[in-house]
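Chemist: I would like the atomic coordinates for the input below:
(one chain, ligands or ions: 1)
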Amino acid sequence: MGKFYVTTPIYYVNAPPHIGHAYTTMAADVVARHRRLAGDDVFFLTGTDEHGQNIERIAKEHGMPEQKYCDMIAAEFKRMWGKLNISNDYFIRTTDERHMRAVQKFFRAIYEAGDIYKGHYEGWYCVRCERFYDEDELDEDKNCPIHGLPVEWVKEENYFFALSKYRDRLLKHIEENPDFIQPESRRNEVLSLLEEGLEDVSISRSTVKWGVPVPIDPSQTIYVWMDALCNYISAIGYGDDEETFKRYWPADLHLIGKEILRFHAIMWPAMLMSAGLPLPRRIFAHGWLTKEGKKLSKTTGNIIDIDGLVERFGVDPVRYFFLREFSFGKDGDYTDQAFITRYNADLANDLGNLLNRTLGLARKHFDSVPHPSRPGEHDDEIRDMAIETHRLSAEKLDRLAFDEALETIWNFVRRLNKYIQQTEPWRLAAEEGTRDRAGTIIYNCLEGLRFISVMIYPFMPETSLKIREQIGLRGEMDEDYSSLESWGRLKPGLPLGEPKPLFPRIKVERATPQPTKPKEEAMITIEDFRKLDLRAAKVLEAERVEGTDRLLKLVVDIGTERRQVVAGIAQSYSPEELVGKTLVLVANLKPAKIRGIESQGMILAAESKEGCAVVILDRDIPPGTRVR
Ligand code: ME8
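Modeler: Numbering: from 1, shown residues only. Model (predicted):
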């Protein structure tokens, strides 16, 4: 049994996870599950990048201590990976003590190799990328090429890593190891960067407090990229658990997005060389996703809402779509229409129908998995194709050609549907003389579905188990790829499961997976929001305002004082039902006169044509508590 160590980038906690993060992580999950089925001892790592100037700033904007802010966003990443069925073996956070110790040890190893020195740096810095840019990489307004936002001029005395010294060794390594950087286009990009020459890089910051202290000079912190790259070794015990470290290092695969290639294919290997550690075996930089031809961006509202997609369509169609639709090394453009088309064609029609028809026939004519007692036309072809499909799709998965692997599997799905059409088992089952032939055909379809359940498991684990349950197996993955080396392992006589549709068809007019997002001009900042003084307000008294059927007059307690408020909620609430409830009051709204009565604030409520619903705090909380 081999080992396989696969990693994703560790994501910045400057915002909750988005589809880009999910894309890499889903791909890594497919690889991890694939290698486990192939029999490897897999270690699959993902996590969060929590230090640096950007995070320091954002925590401040949220009015939170850095660690608390990081804890909150890291929890969001974990929740999202749970939702997407990500089977990572470990989740690393760069604020973990163990990681921080490893970073310092790594720094020392490089220092002791004579590759760290003190020098001055001046340059354009993008806080969001946490990197310096050359002037010619910026646009005319000095905006960074990734975020399109202004860079800052930074001038500091820093520690430097002697990167330039490693240029020749790196070139040699890349030339001698053609698979080290993939795809080919990215390899060429790195080669030409190396040919242009390398400059030494700053690896510490004197102005950033939120980071790992430089072990030889605690007045500085280690540059966030050096800190982050170390996650790949700290997570498996560098400097702490030699045995685990030796078992998994070097990584077999670093999966990354194309924008962070230089860090992974130049800076990281050079540092590993300096520290005397072996290099990762393979770095694969995938393309970038856009939506409807435009860059994904929260500020413009051009986002792909993962939660929304998963809630509407289920986790497996989301995993399937992103790996099937795009070629992994290339950029890809998402549209709702493409999602629906794939879902209906590949999942509802091809796979859903195959399972439905097979199970329907099997249950109608046989009460358990039938015996394959009468071979006939097409059977050998189906058997050979099953075995060959597995061989091909596994080979494509090893190359990270996810789309091709799925295409290969779907050719087999479609071939089985055609087999049913060609052989017409429903006709054969109706006559006594050909009933055993019908049983054989249905057996072959069920056995084909067993093959499919194992082959799609890396992509769609939930669906795989649902298929297995229906064809008479247990709803767990208790096989590996060795069970696909021969045909006919499904045992005749197994009781069949309940038929349940896997993928209900999407009716196009109802398919609106994307909530509408406000335009940039309509967005507010956290500071704008903080201007609102929202308070828990306990209703002490309530009565109707005479002469109107819309207004209630409330007296509420907001801790420090009582307020009188007039609210237009009388058509949905009686005064009695509100007394004793804790509502939310906008406490710093200028008082206004309504029907001659002074209203000292506003109660929050949602309003529709049918009526309104006030915001009620759902458990006991002292009046006056701030609502944020
Ligand atoms: O760069 N399409 O973190 P990050 C596809 N912390 N993938 C995308 C994407 C898009 N539009 N946007 C982001 C960092 N990604 C560092 C990494 S590693 C030692 C430190 C994915 O939060 C892609 O994998 O900016 C990309 O590399 C990663 O998210 C960047 O995440």
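
Chemist: for residue 72, what are its contacts?
Modeler: residue 64 (Cβ atoms under 8 Å, 6 or more residues apart in numbering). Placement of C-beta: from N, CA and C, glycine included.

Chemist: walk me through the domains of this protein.
Modeler: The record, using the TED database to delimit domains, assigns the chain the ranges 3-115+162-286, 343-495, 526-626.

Chemist: what about the longest one, average pLDDT?
Modeler: Spelled out, that is domain 3-115+162-286. Averaging pLDDT along domain 3-115+162-286 yields 97.

Chemist: tally of neighbours for the residue of the stretch 201-350 of the chain found nearest the ligand?
Modeler: Using Cβ to the nearest ligand atom, residue 257 is the residue of the stretch 201-350 of the chain that sits closest to the ligand, at 2.6 Å. The tally of other residues near residue 257 (other Cβ atoms under 10 Å) stands at 18.

Chemist: list the contacts for it?
Modeler: Taking Cβ under 8 Å, 6+ apart, one finds 9, 20, 24, 285, 286, 287, 288 in contact with residue 257.

Chemist: show me what from the protein comes close to the ligand.
Modeler: Counting by Cβ under 6 Å from any ligand atom, the positions of the chain adjacent to the ligand are 9-12, 20-21, 23-24, 49, 228-229, 231, 256-257, 259-260, 288-289, 296.

Chemist: those residues in helices, which ones?
Modeler: 20, 21, 23, 24, 228, 229, 231 (DSSP state H).

Chemist: who wins for most neighbours among these?
Modeler: Taking other Cβ under 10 Å as the neighbour criterion, residue 228 ranks highest of these with 28 neighbours.

Chemist: so what's the residue lying closest to that residue once chain neighbours are set aside up against?
Modeler: Among residues not flanking residue 228 along the chain, residue 49 sits closest, at 4.6 Å (Cβ to Cβ, 6 or more residues apart in numbering). Neighbour list for residue 49: 9, 10, 11, 12, 13, 94, 224, 227, 228, 231 [criterion: Cβ under 8 Å, 6+ apart].

Chemist: separate out the buried members of those residues.
Modeler: 9, 10, 11, 12, 13, 94, 224, 227, 228, 231 (16 or more other Cβ atoms under 10 Å).

Chemist: list the buried residues of the host helix or strand of residue 413.
Modeler: Counting by DSSP states H and E, the element that carries residue 413 is helix 402-423. For helix 402-423, burial by neighbour count (16+ other Cβ under 10 Å) applies to 402-406, 408-410, 412-413, 415-417, 419-420, 423.

Chemist: pull out the buried positions in the helix or strand immediately after it in the chain.
Modeler: Sequence order places helix 425-430 as the next helix or strand after helix 402-423, per DSSP H and E. Using 16+ other Cβ under 10 Å as the test for burial, helix 425-430 gives 425, 426, 428, 429.

Chemist: list the contacts for the closest residue to the second one other than its chain neighbours?
Modeler: When you say that, I think you mean residue 426. Excluding its sequence neighbours, the residue lying closest to residue 426 (Cβ to Cβ, 6+ apart) is residue 361, at 6.2 Å. Contact partners of residue 361, counting by Cβ under 8 Å, 6+ apart, are 420, 425, 426, 429, 438, 442, 445.

Chemist: then residue 361 would be within a strand, right?
Modeler: No. Applying DSSP: H, G, I helix; E, B strand; the rest coil, one finds residue 361 to be helix, outside a strand.

Chemist: including distance to residue 392, could the buried ones among the contacts of residue 49 go into a markdown table?
Modeler: Supplementary listing: the buried ones among the contacts of residue 49 in a markdown table, determined by distance: Cβ to Cβ, whole Å:
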| residue | distance to residue 392 |
| --- | --- |
| 9 | 30 |
| 10 | 33 |
| 11 | 33 |
| 12 | 38 |
| 13 | 40 |
| 94 | 40 |
| 224 | 42 |
| 227 | 41 |
| 228 | 37 |
| 231 | 34 |
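
Chemist: roughly how far does the residue sitting furthest away from the middle of the chain sit from residue 144?
Modeler: Outermost residue of the chain with respect to the C-alpha centroid, by Cα atoms, centre = their mean, is residue 547; its distance is 56.2 Å. Separation of residue 547 from residue 144 (Cβ to Cβ, to the nearest Å) stands at 61 Å.

Chemist: likewise residue 207?
Modeler: From residue 207 to residue 144 the distance is 19 Å (Cβ to Cβ).

Chemist: higher neighbour count, those two?
Modeler: Set side by side, residue 207 and residue 144 show more neighbours around residue 144, with 20 against 10, by other Cβ under 10 Å.

Chemist: the closest residue in space to residue 180 that isn't next to it in sequence in helix, strand or coil?
Modeler: Once flanking residues are discounted, residue 180 sits nearest to residue 174: 5.6 Å by Cβ to Cβ, 6+ apart. With three-state DSSP as the basis, residue 174 sits in helix.

Chemist: again with the one 4 residues further on
Modeler: The assignment at residue 178 comes out as coil when based on three-state DSSP.

Chemist: and if you look at residue 107?
Modeler: The three-state label given to residue 107 by three-state DSSP is helix.

Chemist: surely it touches residue 116?
Modeler: Yes. Taking contacts as Cβ atoms under 8 Å, residue 107 lies within contact range of residue 116: 7.4 Å.

Chemist: between those two, what contacts are shared?
Modeler: residue 203.

Chemist: tell me which of the two has more neighbours.
Modeler: Between residue 107 and residue 116, residue 107 has the larger neighbour count (other Cβ under 10 Å), namely 26 against 20.

Chemist: what's the distance between the more buried one and the ligand?
Modeler: Distance, residue 107 to the ligand, by Cβ to the nearest ligand atom, to the nearest Å: 15 Å.

Chemist: the strands in the stretch 251-400 of the chain, which residues?
Modeler: 253-257, 283-286, 289-291, 294-295, 332-334 (DSSP state E, counting those that start in this stretch).

Chemist: now, of those strands, which is deepest in the fold?
Modeler: strand 283-286 (a mean of 25; mean count of other Cβ atoms under 10 Å).
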